[in-house]
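A.B. asks: just need the structure, nothing else, for what follows:
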Amino acid sequence: MMEMIQKTIHFQLYFTIAIMFGIILLNDKIVNWFFGSNFSEIKNILPLLAPVIVTQSFQMSVATQYLIPKNEMKEYNISVLIGAAITVMTTVLTIPFIGVYGAVIGINLGYFVVSILRLKMLLRDTNFRIEYTNVLRWIFSGTVMLSIGIIVTKNMTSSLLTTSIQVLLGGFIYLSLTSLLDASPLMDMLRKSK
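C.D. replies: Below you'll find the predicted structure:
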């Protein structure tokens, strides 16, 4: 069971880290043609919310694969309440000063704390281990993907074509780099299937 949890959580991290950087890359060009120019303020908000994709997916994965099947409902509920309390307190304290960015901080902080709490529960009760080396390689690959994607598409107009180029280019760079760095779960699956 734990071997499967280990694989699925890291597989999920591999993709959510890529999606996080992908959203930051697409953000500037996708908003105008997809939402319209009236929603240009979203350009400042989406990149700040992107980390939620990683933390929200991670904490839910721990809950659905470990806490709930093991009937650890007390721990599950405590983490939910603490996360909610932190989100509410942070937003109430910051929104009057920085507006919507206070809500962004609150949401990020709430999900981050829930992720840490659930990770601590998993580490405390099992032999689960985070593959920090691979996580750092995925973040590095995402950063390179983002940087190259921005440089290549910087002068392109906001359009479906530009977004498509960013998706294809970003996906190619991320998959290639993680494979070269020997940090691709997809390549591991292919090797084992042969």
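A.B. asks: residues contacting the residue nearest the centre of the chain?
C.D. replies: Nearest residue to the geometric centre of the chain (Cα atoms, centre = their mean): V54, 2.4 Å. Remark: with contacts taken as Cβ atoms under 8 Å, 6 or more residues apart in numbering, V54 is in contact with 13, 16-17, 20. The way it works is simple: take the backbone N, C-alpha and C, and place the C-beta from them, glycine included.
A.B. asks: how about T55?
C.D. replies: In this structure, T55 makes contact with 108, 111-112, 114-115, judged by Cβ under 8 Å, 6+ apart.
A.B. asks: does Y14 lie in a helix or a strand, and which?
C.D. replies: helix 2-34 (DSSP states H and E).
A.B. asks: run the chain-centre distance for that helix.
C.D. replies: Distance of helix 2-34 from its chain centroid, counting by Cα atoms, centre = their mean, to the nearest Å, is 5 Å.
A.B. asks: who's in contact with the helix or strand hosting F140?
C.D. replies: Using DSSP H and E, F140 maps to helix 132-153. Contact partners of helix 132-153, identified using Cβ under 8 Å, 6+ apart, comprise 10, 13-14, 17-18, 20-22, 24-25, 28-29, 162, 165-166, 169-170, 173-174, 177-178, 181, 183.
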